[in-house]
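>>> here is my input; please provide its structure:
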Amino acid sequence: MLSLSVACTDGLQDDAPELSPTWESFRANPPVRWEAFRDTTYREPFAPYRYIVDGDIPLLDEEQLRAHYDAWLEQEFRLSGAGGSELAVRRALNADVIWPAAQRNSLTYCVSNAFGTNKAALVAALGRATAAWTARAAVGFRYVPAQDATCTAANTNVLFSVEPVTATYFASAFFPDAARAQRRLLVTPAAFTTTAGGRDLEGIMQHETGHILGFRHEHIFITCTGNSETTTDARQVTSYDVNSVMHYPQCRPSQTGGYRQSALDELGATMLYGAPRTTECLFNWAQATYPTLFTPAATTAVSGNYVFRYYSGTNAYLGIDVTDQNVYYLPAGGALQSQGPKSALLTAANCN
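The predicted structure is shown next:
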């Protein structure tokens, strides 16, 4: 499953229901008090001294950390069984936080020269990671090496900067609604060598660029030791997916698996951003090459495991099963027919 970060309108607290005495008692004697939560949360030792929660989620200041704590406390109350669902209505009118159409195909970035001997490995890993998302959704990342010499948050010639830091996490990114000063993909030396939970540098970059596209952590929908991130401001796009690239390995039953996109990640990304360029190219090629089978021109949709087009004139379907990456044709009144691997047809259609 992919889950989105969502933006909430403010001024909604006036509609909050009166809290029960049970909630008041829980809040007065929480499992972790605010002061202890604040004092034990990791804070970056460099400006702007952000708090980092749940491994890689940055919070700009104590006000944001307190909001995070309050949301966690409310979720702990609900999970304790002491309360009902009344607190769920305190947040409403949510909107998905994703890149607008005008920007999503030109997500430009630089990679700081300060990475030194690690820079080449990072550029390659980040290139593969962004290509993996581009192959699964209508988004486009573009590396601008001409900006590497001045690759900081002050550089407005790129959408975000990739910079080295020394911190306790592997890497940290941002969501699409971040201001330019916060649009930094920060990478520590540990990211280049870690194998924890099956991680590698490319997988870490896939995970962090998932955040950049707006996707939340997958494991917030299960109980995971040490996780204070809640489902507040999150919307489920697909069903829960233990293999999602956005799922921490240590929160899986196997505690391994690293980070790689799953079939559900592809479906979710396509649902939010549209089908990737290569898929649209393949469908357009099929329409042009076999007009008696696929007419009139149709738009791409997602259902079940399929990214597909339905042609009303011939009552036929042409689709791609993301679980096996094969192309299928379903004629009117006929049986589902495999047309072979998507990769082979992309080559035949000159859509790579």
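>>> I figured Leu345 hits Leu282, correct?
Yes - at 6.0 Å, Leu345 and Leu282 qualify as touching, with contact defined as Cβ atoms under 8 Å. Heads up, the C-betas are built off the backbone N, CA and C, glycines and all.
>>> neighbour-wise, which of these two wins?
Using other Cβ atoms under 10 Å, the more surrounded residue of Leu345 and Leu282 is Leu282, with 23 against 17.
>>> tell me what the spatially most central residue of the chain is bridged to.
Centroid-nearest residue in the chain, with Cα atoms, centre = their mean: Phe215, separated by 2.4 Å. On the basis of DSSP bridges, Phe215 is bridged to Leu4.
>>> please enumerate the shared neighbours of Leu345 and Leu282.
Counting by Cβ atoms under 8 Å, 6 or more residues apart in numbering, the common neighbours of Leu345 and Leu282 are Val327.
>>> for the residue nearest to the centre of the chain, give its distance to Thr300.
Between Phe215 and Thr300 the computed distance is 21 Å (Cβ to Cβ, to the nearest Å).
>>> pull the distance from stretch 193-208 to the chain's centre.
Stretch 193-208 sits 15 Å away from the centroid of its parent chain (Cα atoms, centre = their mean, to the nearest Å).
>>> also stretch 312-324?
27 Å.
>>> average pLDDT for it, rounded please.
When pLDDT is averaged over stretch 312-324, the result is 96.
>>> show me which residues of that stretch are buried.
Within stretch 312-324, the residues that count as buried by 16 or more other Cβ atoms under 10 Å are 314, 316-322.
>>> for the residue lying closest to Phe141 once chain neighbours are set aside, what are its contacts?
Nearest residue to Phe141, sequence neighbours excluded (Cβ to Cβ, 6 or more residues apart in numbering): Thr130, at 3.6 Å. Counting by Cβ under 8 Å, 6+ apart, Thr130 touches 107, 141, 143, 205, 209.
>>> flag the shaky bits of the stretch 51-200 of the chain, pLDDT-wise.
Counting by pLDDT under 70, the ranges of the stretch 51-200 of the chain that qualify are 75, 78-94.
>>> for stretch 152-169, list the C-alpha coordinates in PDB.
What follows is stretch 152-169, C-alpha atoms only, in PDB (Å, rounded to 0.1, in the frame of the first residue of the first chain):
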ATOM      1  CA  THR A 152      22.400  23.900  -0.800                       C
ATOM      2  CA  ALA A 153      18.900  24.900   0.300                       C
ATOM      3  CA  ALA A 154      19.700  28.400  -0.900                       C
ATOM      4  CA  ASN A 155      19.900  27.200  -4.500                       C
ATOM      5  CA  THR A 156      16.600  28.000  -6.200                       C
ATOM      6  CA  ASN A 157      17.700  26.700  -9.600                       C
ATOM      7  CA  VAL A 158      16.700  23.300  -8.500                       C
ATOM      8  CA  LEU A 159      13.600  22.000  -6.700                       C
ATOM      9  CA  PHE A 160      15.700  20.200  -4.000                       C
ATOM     10  CA  SER A 161      19.200  19.700  -3.000                       C
ATOM     11  CA  VAL A 162      21.000  16.400  -1.900                       C
ATOM     12  CA  GLU A 163      23.400  17.200   0.800                       C
ATOM     13  CA  PRO A 164      25.700  15.300   3.200                       C
ATOM     14  CA  VAL A 165      25.200  15.500   7.000                       C
ATOM     15  CA  THR A 166      26.400  13.700  10.100                       C
ATOM     16  CA  ALA A 167      23.400  12.400  12.100                       C
ATOM     17  CA  THR A 168      22.000   9.200  13.600                       C
ATOM     18  CA  TYR A 169      19.700   8.400  10.700                       C
END
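>>> what are the buried residues along it?
Quick answer for stretch 152-169 (16+ other Cβ under 10 Å): 155, 158-165, 167, 169.
>>> if I look at Pro253, how far off is Thr323?
Distance, Pro253 to Thr323, using Cβ to Cβ: 21 Å.
>>> do Leu73 as well
Note on Leu73: its distance to Thr323, by Cβ to Cβ, is 39 Å.
>>> and the helix or strand harbouring Ser338, which strands flank it?
Using DSSP states H and E, the element containing Ser338 is strand 337-341. Sheet pairing of strand 337-341 (DSSP bridges) gives strand 326-330 (antiparallel).
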